[in-house]
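Novice: Sequence plus the predicted model coming up.
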Amino acid sequence: MARRTFFSFQYGPDCWRASQVRNSWVTQDRIAAGFFDSAEWEEVKRKADLDIEKWIDKQLEGTSVTVVLIGANTAGRKWIDYEIKSSRKRGNGLVGIYIHNKKNSKGLTSSKGINPFTQWYTTQNEQKVYFSSLYKTYDWVNDDGYTNMGTWIEEAAKKAGR
């Protein structure tokens, strides 16, 4: 079953890699790929903060999973944090995918960034439970994201009860 999926990523340095990952279904059948990408991310570049929040919330509508594409500097970014927080609030499944090993338009890779899930937690039984223990992360290249992303998205959706 294909899931409507929101992709969260740092636009500037990761745009090329993110578009390659997001468009990986083009060479596959959409159902076989296991996801539909609902974001129209180019249009958000020059908006005010409140408008960006509204845009993100609108893009999250109808999605069941948020995929956080993790580049060298993804963790701690204002809009990545907002997307994680909003996704969790909506009950979306979350999954992280490292994209630093994916080559950019110049054929270069980047350094591995910090998992943004290590910076977020929830409280269960008066104990901090970090998102990194709740949500899986994968490496696009080393874990064969082209073949497996649909499965990762489906697992995240099911874990979230979606």
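Specialist: Done, it's in.

Novice: got the CA coordinates for the longest helix along the chain in CSV?
Specialist: Longest helix in the chain by number of residues (criterion: DSSP state H): helix 145-159. Provided in CSV are the C-alpha atoms of helix 145-159 (Å, rounded to 0.1, in the frame of the first residue of the first chain):
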residue,chain,number,x,y,z
GLY,A,145,17.0,3.1,0.2
TYR,A,146,16.1,2.9,-3.5
THR,A,147,14.8,-0.7,-2.9
ASN,A,148,13.8,-0.4,0.8
MET,A,149,12.3,3.0,1.4
GLY,A,150,8.8,1.8,0.7
THR,A,151,9.2,-0.9,3.4
TRP,A,152,10.7,1.6,5.9
ILE,A,153,7.7,4.0,5.3
GLU,A,154,5.2,1.2,5.7
GLU,A,155,6.8,0.0,8.9
ALA,A,156,6.8,3.6,10.3
ALA,A,157,3.1,4.0,9.4
LYS,A,158,2.1,0.7,11.0
LYS,A,159,4.1,1.5,14.2
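
Novice: Tell me the helix or strand right after the helix or strand hosting residue 132.
Specialist: For residue 132, the element it lies in under DSSP states H and E is helix 131-134. Going down the chain from helix 131-134, the next helix or strand is strand 137-139, by DSSP H and E.

Novice: quick one: contacts of that next one?
Specialist: 70, 95-98, 101, 115, 117, 145, 148, 152 (Cβ atoms under 8 Å, 6 or more residues apart in numbering). From N, CA and C alone the C-beta is placed, and that goes for glycine too.

Novice: This protein: helices as residue ranges?
Specialist: All helices of the chain, identified by DSSP H, fall at 11-22, 30-33, 49-60, 78-90, 131-134, 145-159.

Novice: May I see those arranged in TSV, with distance to residue 108 as well?
Specialist: Formatted as TSV, those follow (distance: least, Cβ to Cβ, whole Å):
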stretch	distance to residue 108
helix 11-22	10
helix 30-33	26
helix 49-60	28
helix 78-90	22
helix 131-134	27
helix 145-159	18
